[in-house]
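Asks: Whatever this is, show me its structure:
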Amino acid sequence: MPEPTDEFILALFANSKTKEQAFEMLLKKYQRLIYYNVRRIVTLHEDADDVTQNVSIKIWRHLDKFRGDASLKTWITKISVNEALTFVEKKKKLLNLTDDSYTDFLLVTQPETNSYTPNEIEHMLQEAILRLPPKQRAVFTMRYYDETPYAEMSKIFDTSESALKASYHFAMEKIKKNLLEH
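Replies: Residues are numbered from 1 along each chain as shown. Alright, predicted model coming up:
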């Protein structure tokens with residue numbers, strides 16, 4: 001069975017009789033995208049699950065207000081990224097940590113058996129990515145792993161494509177420096 005289009009899902013969601021069915025379709029279609037966008041920012045699986053739930057709730061509450069200025073995928077990604085960044089800021093405040101000490105906290109709490117390959121180079125890359133500030137980490141991972149176009153990211157982050165290109169470039173430089181140090 002082919003995947004339902006966003007337009008079809010939105011049409012079903014607009015009808016009170018098929019609203020829940022539409023939402024289930026939407027989650028089935030975008031759950032992985034939401035989870036991995038969140039996971040790359042918050043890093044810990046348990047936190048990613050919690051934030052993913054919050055994203056789902058936010059989508060449910062606001063989907064009827066979706067204006068279509070961007071694609072549904074972009075809108076959902078924007079919610080995912082914003083929720084994850086907000087979570088990181090709240091967690092840093094709760095733990096009374098600075099950006100650097102929060103990064104150290106993540107590196108210490110990162111479980112030995114994680115979703116990354118056991119390859120040592122991959123582990124070093126993940127550690128270098130963790131050392132990036134959360135927003136820069138989000139830009140880097142969206143571009144590097146998902147090959148998200150800068151035009152789409154500019155809608156997600158409400159910033160210019162050139163600022164995102166610069167952020168990605170600086171992230172790459174920080175990662176290279178970190179890898180060379182190890």
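Asks: so where's the chain uncertain?
Replies: 99, 107-119, 182 (pLDDT under 70).
Asks: What are the boundaries of the helices in it?
Replies: Along the chain, the segments classed as helices by DSSP state H run 6-14, 19-42, 45-62, 72-95, 99-109, 120-130, 134-144, 150-157, 161-181.
Asks: The ones you listed into a markdown table, with extra columns for mean neighbour count?
Replies: To be clear about C-beta, it is placed using only N, CA and C from the backbone, and glycine gets the same treatment. A markdown table is the format used below for the helices of the chain (neighbours: other Cβ atoms under 10 Å):
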| stretch | mean neighbour count |
| --- | --- |
| helix 6-14 | 16 |
| helix 19-42 | 18 |
| helix 45-62 | 16 |
| helix 72-95 | 18 |
| helix 99-109 | 14 |
| helix 120-130 | 15 |
| helix 134-144 | 21 |
| helix 150-157 | 19 |
| helix 161-181 | 14 |
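Asks: Can you tell me the closest non-neighbouring residue to the residue nearest to the spatial centre of the chain?
Replies: By Cα atoms, centre = their mean, the chain has its centre lying nearest to Asn37, at 2.3 Å. Spatial nearest neighbour of Asn37, excluding adjacent residues (Cβ to Cβ, 6 or more residues apart in numbering): Ser80 at 4.2 Å.
Asks: Quick check: Lys155 vs Lys78, distance?
Replies: Lys155 sits 7 Å away from Lys78, going by Cβ to Cβ, to the nearest Å.
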